[in-house]
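Peer 1: sequence and computational prediction follow.
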Amino acid sequence: ECCETEACEKLESDPLATDLSTVRTLFFDCDDTLYPRSSGVDAVVRNNIGLYMERELKIPKEKIPKLRQDLYVQYGTTLRGLQEEHDVDPNHYWEFVHGTLDYGNLLQPNPELAQTLKSLPQKKWVFTNANVEHAEACLKHLGLDRGIFEGIIDVRAMDFANKPSALSFTSAMRIAREADASKILFFDDSSRN
């Protein structure tokens, strides 16, 4: 077993992933894919989103869980829903939600994952609904050299058309310069993406 992340488990267990000879491009989600959900990042982010909604938008605490779920279902991410329904500035949101993350305590270097990724000949991209700054911080603390990836396709690069929208994938393919979707393998912790 190479490591305990969703991406590695997928590579090891999915028979479709064992023949990568026709695949030219690999898209990796960042959160809960390049590192395990058990890291605690997700729990801190969810808590911070709730605090943001309560403190910045003055939404009653008891209404937040249902509203967050409704926004996620309708818009793909809570941020996108808050942008649409509350005119939230994404930079202010990210500063609040990611600004207090203690990446150093939550994420540990993963040399096995780094080696596995380096061994794959395909072009590799991080494809995330988060912002590039968050993805960069995650990569840094996981010990994943930016040179492993061609780049980071964040929600800004997709003009806020986040996964799972078709437009997000069209944008990602354009940025990655991959016109043939059958030549792409996508790793994500969320089956809806």
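Peer 2: Yep, that arrived.
Peer 1: ranges for the helices of the chain?
Peer 2: Ranges of helices in the chain, per DSSP state H, are 6-13, 15-18, 41-55, 64-75, 78-86, 90-98, 103-106, 111-119, 132-142, 166-176.
Peer 1: tabulate the ones you listed (a markdown table), appending mean neighbour count, distance to Ser190 and mean pLDDT.
Peer 2: For glycine as for every other residue, the C-beta is placed from the backbone atoms N, C-alpha and C. Formatted as a markdown table, these follow (neighbours: other CB atoms under 10 Å; distance: least, CB to CB, whole Å; pLDDT from 0 to 100):
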| stretch | mean neighbour count | distance to Ser190 | mean pLDDT |
| --- | --- | --- | --- |
| helix 6-13 | 17 | 10 | 54 |
| helix 15-18 | 10 | 17 | 50 |
| helix 41-55 | 17 | 11 | 97 |
| helix 64-75 | 15 | 10 | 95 |
| helix 78-86 | 19 | 13 | 97 |
| helix 90-98 | 17 | 18 | 97 |
| helix 103-106 | 13 | 20 | 98 |
| helix 111-119 | 15 | 19 | 97 |
| helix 132-142 | 20 | 16 | 98 |
| helix 166-176 | 17 | 13 | 96 |
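Peer 1: ok, which of the ones you listed comes nearest Gly151?
Peer 2: Proximity to Gly151 (CB to CB) singles out helix 166-176 among the helices of the chain, at 7.5 Å.
Peer 1: packing partners of that closest one?
Peer 2: Applying 3 or more CB pairs under 8 Å, 6 or more residues apart in numbering; DSSP states H and E, we find helix 166-176 packed against strand 25-28, strand 123-127, strand 151-153.
Peer 1: for the first one, which outside residues touch it?
Peer 2: By that I understand strand 25-28. 7, 34, 120, 122-127, 149, 153, 172, 176, 178, 183-187 (CB atoms under 8 Å, 6 or more residues apart in numbering).
Peer 1: mind checking which of these are buried?
Peer 2: By neighbour count, with 16 or more other CB atoms under 10 Å, those hold 7, 34, 122-127, 149, 153, 172, 176, 178, 184-187 as buried.
Peer 1: for the residue of the chain positioned farthest from its centre, which non-adjacent residue is spatially closest?
Peer 2: Most distant from the centre of the chain: Pro60, at 28.1 Å, with distances by CA atoms, centre = their mean. Nearest non-adjacent residue to Pro60, counting by CB to CB, 6 or more residues apart in numbering: Glu54, 7.7 Å away.
Peer 1: show me what contacts the one you found?
Peer 2: Contact partners of Glu54, counting by CB under 8 Å, 6+ apart, are 60-61, 64.
Peer 1: for Leu167, same thing?
Peer 2: Residues in contact with Leu167, defined by CB under 8 Å, 6+ apart, are 158, 161.
Peer 1: among the helices and strands packed on helix 166-176, which is nearest Glu136?
Peer 2: strand 151-153 (6.8 Å).
Peer 1: name the helices or strands packed onto the closest one?
Peer 2: strand 123-127, helix 132-142, helix 166-176.
Peer 1: possible to save the helices of the chain as JSON lines with distance to Asp159?
Peer 2: Converted to JSON lines, those look like this (distance: least, CB to CB, whole Å):
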{"stretch": "helix 6-13", "distance to Asp159": "26"}
{"stretch": "helix 15-18", "distance to Asp159": "30"}
{"stretch": "helix 41-55", "distance to Asp159": "22"}
{"stretch": "helix 64-75", "distance to Asp159": "14"}
{"stretch": "helix 78-86", "distance to Asp159": "11"}
{"stretch": "helix 90-98", "distance to Asp159": "12"}
{"stretch": "helix 103-106", "distance to Asp159": "27"}
{"stretch": "helix 111-119", "distance to Asp159": "27"}
{"stretch": "helix 132-142", "distance to Asp159": "14"}
{"stretch": "helix 166-176", "distance to Asp159": "7"}
